[in-house]
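Student: sequence isn't available, so here's the structure alone:
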């Protein structure tokens, strides 16, 4: 509140000329106040377009807010000022990936890796940098349809991650990311091996338990249900755990069971995001080709949680606001989505 008051009070042609302006901007950045960070850096850069790292910080905030096009524009300014800005290169790659510009994203991920190779770093830092970079490169290759190359990079990422065992937390989270990638590549046994390494370090981690459940579902191992239930039992936020469990079931095409979880989530009326279930139910009924229920929940989701609905149907309706999906389908009688 006071930051917005400060900006509104002092925003003028000289904003950014005083140390306090920069201090407030840094506070927004370090405290991860994304909306404030975007607002204040837009003002700063209007008056100081060459502020050190300013465009990169703005682009990062915009990316984190899901404003990928704006982030892409901002990071282009950063790279025009300093083509070797590693943070800007990574933001450019991430923003391009988010907009499905995989060729551009791949180029910038590879640029990042190439430029870091020329820097003097410790072995531990190398492992962290290159494990994450190879993960990004591999996933982008997979998105581009280059499956064989993608698998080569996952091997490299696993190898780099093994150099990080002294940093148990980082190592385990990388195991989680690698396991999810292996699921996408349908390498379920390998994914199971990797997530088990993560679970050895974080045995009560909700995400890890649910990833293990999804892998076991893919392997037709009914122990998966035990892991799902354990994740819910141990979760501080039961609703989020139930929604996530429902999505894991949806991913493995266990539609009827996922519906049970999403209906359970609707009982948490004291929590605002229980309404997200309407979007999930709409999508699962669409996958089941149950048109009546699909339209029923679509109508509710358009009204109550359109942004969640957009995640599922944006590509089908690229130029239509999610609030209007239901009306569009009814008006055009178009269910070819």
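Tutor: Perfect, thanks for sending it. Keep in mind that what you see is a predicted model, and the values were worked out from it rather than measured.
Student: nearest spatial neighbour of residue 246, skipping sequence neighbours?
Tutor: With sequence-adjacent residues excluded and distances taken as Cβ to Cβ, 6 or more residues apart in numbering, residue 246 is closest to residue 261, at 3.4 Å. For glycine as for every other residue, the C-beta is placed from the backbone atoms N, C-alpha and C.
Student: surely that neighbour and residue 243 touch.
Tutor: Yes. Between residue 261 and residue 243 there is a contact under Cβ atoms under 8 Å: 7.5 Å.
Student: which helices and strands sit right next to the host helix or strand of the residue nearest to residue 246?
Tutor: Using DSSP states H and E, residue 261 maps to helix 255-265. Other helices and strands packing on helix 255-265, by 3 or more Cβ pairs under 8 Å, 6 or more residues apart in numbering; DSSP states H and E, are helix 238-251, helix 276-287.
Student: any idea which helix or strand comes after the shortest one?
Tutor: Going back to what we said before, that points to helix 276-287. Of the helices and strands lying after helix 276-287 in sequence (DSSP H and E), the nearest is helix 291-304.
Student: hmm, back to that, between residue 261 and residue 243, who's got more neighbours?
Tutor: Using other Cβ atoms under 10 Å as the criterion, residue 261 and residue 243 rank with residue 261 on top: 24 against 20.
Student: just to revisit the earlier point, so who does the residue nearest to residue 246 touch?
Tutor: For residue 261, the contact set (Cβ atoms under 8 Å, 6 or more residues apart in numbering) comprises 242, 243, 245, 246, 249.
Student: which secondary structure element contains the residue nearest to the third one when sequence neighbours are not counted?
Tutor: Going back to what we said before, that points to residue 245. Nearest non-adjacent residue to residue 245, counting by Cβ to Cβ, 6+ apart: residue 228, 4.8 Å away. Here residue 228 sits within helix 223-234, counting by DSSP H and E.
Student: check residue 104 too.
Tutor: Residue 104 is part of helix 102-117, with elements assigned from DSSP H and E.
Student: now that helix: average pLDDT?
Tutor: Averaging pLDDT along helix 102-117 yields 88.
Student: 44 is where my numbering starts, stick with that
Tutor: Fine by me, first position is 44 from now on; the one you just mentioned is helix 145-160.
Student: for that helix, packing partners?
Tutor: Counting contacts by 3+ Cβ pairs under 8 Å, 6+ apart, helix 145-160 is packed against helix 129-141, helix 166-186.
Student: buried sites along the helix holding residue 271?
Tutor: Residues of helix 266-277 classed as buried: 267, 270, 271, 273, 274, 275 (neighbour count, 16 or more other Cβ atoms under 10 Å).
Student: any idea of the pLDDT on the last one?
Tutor: Residue 275 is assigned 96 on the pLDDT scale.
Student: for the residue nearest to it when sequence neighbours are not counted, give me its contacts.
Tutor: Spatial nearest neighbour of residue 275, chain neighbours left out: residue 284 (4.6 Å); criterion: Cβ to Cβ, 6+ apart. Taking Cβ under 8 Å, 6+ apart, we find residue 284 in contact with 249, 253, 274, 275, 278.
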